[in-house]
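> The sequence and its predicted three-dimensional model are supplied below.
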Amino acid sequence: MSEIYIHSASSFIGGENTDPIFLKEKLSSYTEENFRRVNRFILLTLLGARQCVHHHALDFDTAIYLTTEHGNLGETASVLDEIYSAGSLPKPFGFINTMSNTAAFYLARNLGVRGRNIMVSSQHLSFERGLELLQMDFALGVTGSALIGGVDEALLSRTALEEQTDRVFRMVNGSGWLYAKPVKDGACGAISEIRSFSDRHACMKWITERGRSNVDVVSFGALIDVDEAAAMKEILHPLTEFDYLCDYGYSGSATACGVSLFIMLFHEKTLLHINRDQRGHFAVIEVERY
Amino acid sequence: MICSLGDSLDEIVDAVRHKRIRLDRVPFTLASLPHTKPYYLIERTVADKLHNRSEAYFYEVLFSAVSRAFLDAGLNKTEIRDMNVFFGSTSMDVPVFEGNHRKSSSTVSGIFLKSSYGYGKIAGAIVERFGIGGNCYSFATACTSSANALLYAAAMIEEGVIERALVVGYDLFNNLGFYGFEALKSIAETDYRPFDRTRDGLILGEACGAVILEGKRRKAGDFMHLGGANLCDTYSVTSHDEEGTAVAETMNRALRQAGISPGDICAVKAHATGTENNDRTECAAMRATFGCEMPPVTCLKPFIGHTVGACGVNELILFTESVKKGFVPSTPGFREVDDKLNLTPLTENMEAGEGIFMLNYFGFGGNCTTLIISNKGDRE
């Protein structure tokens, strides 16, 4: 399969109660468009992605892959209240915004691009699944450049996490993005591996076979427990662990934020990000930072 | 497939062949509105009645459709275990929260926020129920959701990334969608009449469809995916550019990816929501793509309603199963040509044999998806 070359990265992480007005103000640094009738999820999407491509001229055919655990479910709750509690028809734009791909639409329109526009989710592994789709589209040649990101609000991330792990994280609003192409020229890094494993044993076997070659940094998803992480580090012997969950907080899109933060913060290093979902499936992303 | 026409393929295709449709009317009780609007509801037994539905009902419909797909494809346990799941829906599990609300004193949003496990939950339930070991991909791109699930599942198989996929399109009745489309003034008063001069909107429907994709035919007559495309029309969040530029480009890219020309298409399954804008845009795009050589066009929503994100899979099933039985379905409800569209969809069933067909799907957020399928002999 094709490699995914990273041409820029960004990560916007806001506190649990980040005000949409603050997000609009931040966004105004990147675009003159005045967004009306948009919610926090859409603003997070726009802000993270605009930061990522601020210095890039995009092709008309640039594709957008928005990955999320919960998408616009915050707006969905408000619209359900309008129907069930207020006993009224929902406001049209409120209803339209319950569809999470509206965020990817507003982003495409703002950037003036018309390529593929996909929103995909997969419990705890949404970003990894999005990367797989992108990698395949690069291999098929259906797109020559893409923005891929993960966006989630703090509010909805808590419940889904608390039932799966005893670990406690600071909840944040997260929007992490990569601008990617299938060509190396001008790239600052690459996604050189995306692998999925149906259980811990298969993942550990791959890590063992892979040995210690070129792994400078490791990072772990929220459901990897302390013992699992220790066993993996014992095999990999990385120079350091990038504990982005502890340093920057958790959202449903923490993996997207963690990978983009690695690109922003490290140089000439290789990252192995290891994640798992609630049914014990594992996914590994290898990221090279040139 | 489970829809308003029934839950067996023979029964459903027979209803399509004879233009038998079943349309209910649903009141807007929660908003105390004095009128009702039509809806294509699943009604097999008393358990299907809206007031009887629960979380268990939601999953019974889902698991039943998936079980039937496994049975129809003749999959063994190992084949089921090794497959990947592609799920597409607009409402996801909103019907579950609305159902639970009936039994609880909490607000529906309260229940929702406390127990929302995200868009991946339903695909997660499928793999758990059937012991599937592969990956899950849940698509939420409004009315193209399950069409995009099909597009990616087929591409992954073609690229050799995966061997087999279960693709599910599921949208069950929910007040969020019903009241939401009413707020947009998009719901027709009585009948579904896409492309008709007197069309007055869409009629929602509920359905759960499941298909199995593999790299090789299991049975003679099985369809192949030849290619497809997805683009974003940034004209408006709710409608498409009436010139149909982006929609036509999507159709053309799908044709190129399939390695065929417009003249190779035997029939088009239009998205045909019956709304003023969609039908005008889609006609313009088809004219731009096919010119004077417009193939026969069919609209399937008048049979089962607009099943929103689920329509990708459900209309694929309706179309392919009809062709397997020898016909491309007609479009019930069409009476008067709209001079501005100058398009008459099939008003009688058309005999069908082997051929290449185009399936179109469009959605909010400018999402456009075209699939090209064929039941001709295996391509080299």
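Nice, thanks for sending it over.
> give the contact list for residue 198.
All of this refers to chain A. Contacts for A:Ser198 were tallied using C-beta atoms under 8 Å, 6 or more residues apart in numbering or on different chains; they are A:His281, B:Gly133, B:Gly134. Bear in mind the C-beta positions are built from the backbone N, C-alpha and C, glycine included.
> ah, I was thinking of chain B
Contacts here follow C-beta under 8 Å, 6+ apart; on that basis B:Thr198 touches B:Arg335, B:Glu336.
> Please apply the same query to the one 5 residues further on.
For B:Ile203, the contacting residues are B:23, B:37-40, B:187-188, B:191-192, B:274, B:301, B:305-306, taking C-beta under 8 Å, 6+ apart as the criterion.
> could you redo the last one with a cut-off of 6 Å?
Under the criterion of C-beta atoms under 6 Å, 6 or more residues apart in numbering or on different chains, the neighbours of B:Ile203 are B:Pro38, B:Ala188, B:Tyr192, B:Gly305.
> ok, now A:Gln123?
Taking C-beta under 6 Å, 6+ apart as the contact definition, A:Gln123 lies against A:Asp277, B:Gly120, B:Gly124.
> Alongside chain B, which residues does chain A contribute?
Within chain A, the residues that sit near chain B (C-beta under 6 Å from any C-beta of the partner chain) are A:69-71, A:73, A:77, A:80-81, A:83-85, A:87-90, A:92, A:95-96, A:99-102, A:105, A:108-109, A:114, A:116-117, A:119-123, A:129, A:133, A:136, A:156, A:160, A:196, A:198.
> now the helices for the stretch 201-350 of chain B?
With helices called from DSSP state H, counting those that start in this stretch, the stretch 201-350 of chain B shows them at B:245-258, B:276-290, B:301-304, B:311-324.
> I'd like to know how far the residue lying closest to A:Lys269 once chain neighbours are set aside sits from chain B.
Beyond its immediate neighbours in the sequence, the residue positioned closest to A:Lys269 (C-beta to C-beta, 6 or more residues apart in numbering or on different chains) is A:Asp216, lying 4.1 Å away. The span separating A:Asp216 from chain B equals 28 Å under the rule C-beta to the nearest C-beta, to the nearest Å.
> how much space is there between A:Asp216 and B:Tyr40?
Distance check for A:Asp216 against B:Tyr40: by C-beta to C-beta, to the nearest Å, it reads 57 Å.
> More neighbours: which of these two?
Between A:Asp216 and B:Tyr40, counted using other C-beta atoms under 10 Å in any protein chain shown, the more crowded position is B:Tyr40 (26 against 17).
> contacting residues around the more buried one?
Contacts for B:Tyr40 (C-beta under 6 Å, 6+ apart) come out as B:Ser4, B:Gly205, B:Ile304, B:Gly305.
> low-confidence ranges in the chain?
All of this refers to chain A. Judged against pLDDT under 70, the low-scoring parts of chain A cover residues A:1, A:212.
> my bad, chain B
For chain B, residues meeting the criterion pLDDT under 70 lie at B:102-106, B:108, B:113-116, B:378-380.
> Cross-check the contact I'm expecting between A:Thr18 and A:Asn173.
Yes: distance between A:Thr18 and A:Asn173: 4.9 Å, which falls inside the contact criterion (C-beta atoms under 6 Å).
> how about the helices in the stretch 1-150 of chain B?
In chain order, the stretch 1-150 of chain B shows helices spanning B:9-17, B:55-73, B:77-81, B:94-101, B:108-114, B:121-130, B:145-158, with DSSP H, counting those that start in this stretch as the criterion.
> Can you add mean neighbour count and distance to chain A and give these back as TSV?
Listed next are the helices of the stretch 1-150 of chain B as TSV, based on neighbours: other C-beta atoms under 10 Å in any protein chain shown; distance: least, C-beta to the nearest C-beta, whole Å:
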stretch	mean neighbour count	distance to chain A
helix B:9-17	18	28
helix B:55-73	17	16
helix B:77-81	14	9
helix B:94-101	23	6
helix B:108-114	20	4
helix B:121-130	19	5
helix B:145-158	27	6
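> ok, back up a step: out of the contacts of B:Tyr40, list just those in strands.
With DSSP state E as the criterion, strands contain none of these.
> Serialize those residues to TSV and add fields for neighbour count and distance to chain A.
Rendered in TSV, the data for the contacts of B:Tyr40 read as follows (neighbours: other C-beta atoms under 10 Å in any protein chain shown; distance: C-beta to the nearest C-beta, whole Å):
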residue	neighbour count	distance to chain A
B:Ser4	24	23
B:Gly205	29	18
B:Ile304	30	21
B:Gly305	28	18
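> List just the nearest of the residues you listed to A:Pro238.
B:Gly205 (53.4 Å; C-beta to C-beta).
> Name all residues that make contact with that closest one.
Going by C-beta under 6 Å, 6+ apart, the list of residues near B:Gly205 reads B:Ser4, B:Tyr40, B:Ile304, B:Gly305, B:Thr307.
> what pairs with it across the strands?
Partner residues in beta bridges with B:Gly205, using DSSP bridges, are B:Tyr40.
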